[in-house]
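# let's see this in three dimensions:
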Amino acid sequence: MTSPEPVSPDSGGPPPRRGAASPLARILPEVDDRWMAHWPMMLLGLVILYNVLPGAYGEYVVSVAVLGSMFAIGALGLNVHYGFAGLLNFGHVMFLMVGAYTTALLVSGRGMNIFLAMLIGAVVASVLGLVVGAFSLRLRTDYLAIVTIAMAEMGRVIIKNSGSFRVDPLTGSGKTIGTGGVFGVQNFSSGFNSFLDTTLPFVNSHAWQLFIFNAVVITIILYMTWTLRRSPWGRALRAIREDEDIAAALGKPTFLLKLQAFAVGGFIGAFAGVAFALNNNFIDPDTWLPIFTFRIWIAMIMGGAGTIFGPVLGAMLLQSIFSLVRFLPNIAASPLFGWIPESLVSSNRIFALQGMLLGLLIMLVVIFRPQGVLGSREDLILEGT
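As a prediction, the model looks like this:
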């Protein structure tokens, strides 16, 4: 019997891995570590831009970065669903909504510590992921997408048609607790703002305080997803994404792994909802429309699905482009662009223009760069497609 010939480094095959514990480790490529350089570079660029631009413009840039960082957290959660496991979740806003409402209700109704309430909100969203995934993850591709978007809308409508009730029999405090229905929940972020003022006394700008907090959360999530992606669990998810039948043939519990990914992505996404709630000090059902999920999707796709840092980059780019739309009336008033009708870019049409721009961006990205800025075409291939 002849021994098999060794694979040449120039043969185009994957390089062998020493000490690999499973067949998947020999098949799948190494995880991208460039986020460790990209993320500090982005933060440094923001600081430089803030100091170069004159006062009001610098503050505006930071406010854009705050919104971008919120979408980045949501995109990182969605990336676990789609980028890691290939799950077409079109109801991702459901996890953001649950995290936001749970945190707001625990703080406003029970006076709970804001950070403990955040953690509980994320855990509740994770449990919701387990419950929803238990009966929906046996579906694949477009059927899963239909079920998840329907679940998100069902939850939003239920919250919109619910109300608040007094808790005097329970606590005697005279407080009310509940979602508030169409009126929402408000005035629950004072403790969080006090924490920021105490922790960051050297930062005079509230927008900077919010961004620093979001940046810390993003850093933790980046490290967590990077660690998970490098683990046997992450390699198994990648195998499921590429071909679930082969992964099952290798002995991987595919349904259980997808269920775990759904819970982890929901846990991360809940922090995005909390960030939006704390930034606005107000939440209502109409905040969590399906367009919210689609913005998170395009942010993840722009940056690169399946990458570690791509969702963050895509969210920042998307929010920057959206924010530039607000300056269209000023641009149209300039002599260089005087040929643009002012009625077309009037201030009362900004929201419609942003929606049109979102659709245009989706088409351009899908046509010219479907793998995103940092992604690869191999990551676009879904099992069964």
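# and stretch 147-167, C-alpha only, in PDB?
Listed next in PDB are the C-alpha coordinates belonging to stretch 147-167 (Å, rounded to 0.1, in the frame of the first residue of the first chain):
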ATOM      1  CA  VAL A 147     -41.600  33.400  10.200                       C
ATOM      2  CA  THR A 148     -39.200  35.700  11.900                       C
ATOM      3  CA  ILE A 149     -40.500  38.900  10.400                       C
ATOM      4  CA  ALA A 150     -44.000  37.800  11.300                       C
ATOM      5  CA  MET A 151     -43.000  37.100  14.900                       C
ATOM      6  CA  ALA A 152     -41.400  40.600  15.200                       C
ATOM      7  CA  GLU A 153     -44.600  42.300  13.900                       C
ATOM      8  CA  MET A 154     -46.800  40.200  16.200                       C
ATOM      9  CA  GLY A 155     -44.700  41.300  19.200                       C
ATOM     10  CA  ARG A 156     -44.800  45.000  18.100                       C
ATOM     11  CA  VAL A 157     -48.600  44.900  17.600                       C
ATOM     12  CA  ILE A 158     -49.100  43.200  21.000                       C
ATOM     13  CA  ILE A 159     -47.000  45.900  22.700                       C
ATOM     14  CA  LYS A 160     -48.800  48.600  20.800                       C
ATOM     15  CA  ASN A 161     -52.200  47.400  22.000                       C
ATOM     16  CA  SER A 162     -51.200  46.800  25.600                       C
ATOM     17  CA  GLY A 163     -51.200  49.400  28.300                       C
ATOM     18  CA  SER A 164     -50.000  50.100  31.900                       C
ATOM     19  CA  PHE A 165     -51.400  49.200  35.300                       C
ATOM     20  CA  ARG A 166     -50.800  50.400  38.800                       C
ATOM     21  CA  VAL A 167     -48.700  48.300  41.100                       C
END
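# and it, average pLDDT?
Stretch 147-167 shows a mean pLDDT of 81 in the predicted model.
# also stretch 212-225?
The average pLDDT within stretch 212-225 is 94.
# and what of stretch 292-302?
Averaged across stretch 292-302, pLDDT comes to 91.
# identify the residues contacting that stretch?
Residues from elsewhere that reach stretch 292-302, judged by Cβ atoms under 8 Å, 6 or more residues apart in numbering: 71-72, 74-75, 78-79, 82-83, 90-93, 96, 149, 152, 272, 310-311, 313-315, 317-319, 358, 361-362, 365-366, 370, 372-373. C-beta coordinates here come from the backbone N, C-alpha and C atoms, glycine included.
# same thing with stretch 107-123?
Identification of contacts with stretch 107-123 by Cβ under 8 Å, 6+ apart yields 98-103, 106, 167, 175-178, 185, 187-189, 191-192, 195, 267-268, 270-271, 273-274, 278.
# how far does it sit from the chain's center?
Put simply, stretch 107-123 sits 20 Å off its chain's centre (Cα atoms, centre = their mean, to the nearest Å).
# alpha carbons only: can I get that stretch in PDB?
Included here for stretch 107-123 are C-alpha records, laid out as PDB according to Å, rounded to 0.1, in the frame of the first residue of the first chain:
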ATOM      1  CA  VAL A 107     -35.800  50.700  35.700                       C
ATOM      2  CA  SER A 108     -39.000  52.800  35.600                       C
ATOM      3  CA  GLY A 109     -41.400  50.400  37.300                       C
ATOM      4  CA  ARG A 110     -39.200  48.600  39.800                       C
ATOM      5  CA  GLY A 111     -36.300  51.100  40.300                       C
ATOM      6  CA  MET A 112     -33.700  48.400  39.400                       C
ATOM      7  CA  ASN A 113     -30.100  49.200  38.700                       C
ATOM      8  CA  ILE A 114     -29.700  50.200  35.000                       C
ATOM      9  CA  PHE A 115     -26.900  47.700  34.300                       C
ATOM     10  CA  LEU A 116     -28.600  44.800  36.000                       C
ATOM     11  CA  ALA A 117     -31.700  45.700  34.000                       C
ATOM     12  CA  MET A 118     -29.600  45.700  30.800                       C
ATOM     13  CA  LEU A 119     -28.300  42.200  31.500                       C
ATOM     14  CA  ILE A 120     -31.700  40.900  32.400                       C
ATOM     15  CA  GLY A 121     -33.100  42.400  29.100                       C
ATOM     16  CA  ALA A 122     -30.400  40.700  27.100                       C
ATOM     17  CA  VAL A 123     -31.100  37.400  28.900                       C
END
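# so for it, what gets flagged as buried?
By 16 or more other Cβ atoms under 10 Å, the buried positions in stretch 107-123 come out as 107-109, 112, 114, 117-123.
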